[in-house]
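A.B. asks: my questions are about this predicted structure, shown below with the sequence.
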Amino acid sequence: MNKEILIGKKPNIWKLLIKIIITTVTFYIFFIINLTMLKDTKFANENPDFLIGMKWTFIVVYMIILFVLFTGLSLKQYIIIYDSSFCFYGNDGFISQIVDAFLILFHKERKSLIEIPIKEIKKMTLLYNNVETFYYFKGHSIVYCMELKDHSIVKINPDSFDFSNESILKGIEYIKNQGVELDDPYHLIQGLQSQDMKFGDYVDKVVINNEHHL
């Protein structure tokens, strides 16, 4: 049986369908309320094309929202460590985002953005990155800096901090057991293992306060 360690979360089609249903119902209710309020007004009676234009405007905005929700499928980043490779899944542009969204929707294999054969990895250094969401919520994610046997450097820098500590630790342990040298200059594994402090708090209160900076 092939080994597969998932770090992060794969896109969830069911969550997308729920979002589409909620968006559709909400948008329809909002449209009916506005149509009811405006259809008997003097302005609407004097400008019969206004309501037609409003309907088309609502349709166009609704389609744009659906498109944003759909393409948002491929914004989800995650890592899969297979028997022989370390793969990072994300997208590198708008076209890639659309293509990946269709692949995910039809349960097709998504092309990894970065794929590194484990046997080619000489050393893995754990760093951290500052991440900020649309809601200005700040956190920190693990950065995987790979030194390959050909002396090239590959840095995998996820801009997501929803990866579970358990899955990160499991992935690190697997890579280490394959004979890859591990460097943890900021003692981030200790933060991932902590039962008393969230990883983000560990970085803020322990790493940064001790003047450990990238």
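C.D. replies: The structure has been received and is ready for your questions.
A.B. asks: which residues touch the nearest residue to Asp83 once chain neighbours are set aside?
C.D. replies: Nearest residue to Asp83, sequence neighbours excluded (C-beta to C-beta, 6 or more residues apart in numbering): Lys3, at 5.0 Å. C-beta here means a position set from N, CA and C on the backbone, and glycine is covered the same way. Neighbouring residues of Lys3 by C-beta atoms under 8 Å, 6 or more residues apart in numbering: 81-83, 174.
A.B. asks: and the residues you listed as TSV, adding neighbour count and distance to Val180?
C.D. replies: Listed next are the contacts of Lys3 as TSV, based on neighbours: other C-beta atoms under 10 Å; distance: C-beta to C-beta, whole Å:
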residue	neighbour count	distance to Val180
Ile81	21	11
Tyr82	15	14
Asp83	12	14
Tyr174	16	9
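A.B. asks: of the residues you listed, which is the nearest to Glu181?
C.D. replies: Tyr174 (14.4 Å; C-beta to C-beta).
A.B. asks: domain parsing of the protein, as residue ranges.
C.D. replies: Using automatic domain parsing, the domain parsing of the chain gives 1-112, 119-214.
A.B. asks: can I get those in a markdown table including mean pLDDT?
C.D. replies: Formatted as a markdown table, the domains of the chain follow (pLDDT from 0 to 100):
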| stretch | mean pLDDT |
| --- | --- |
| domain 1-112 | 84 |
| domain 119-214 | 85 |
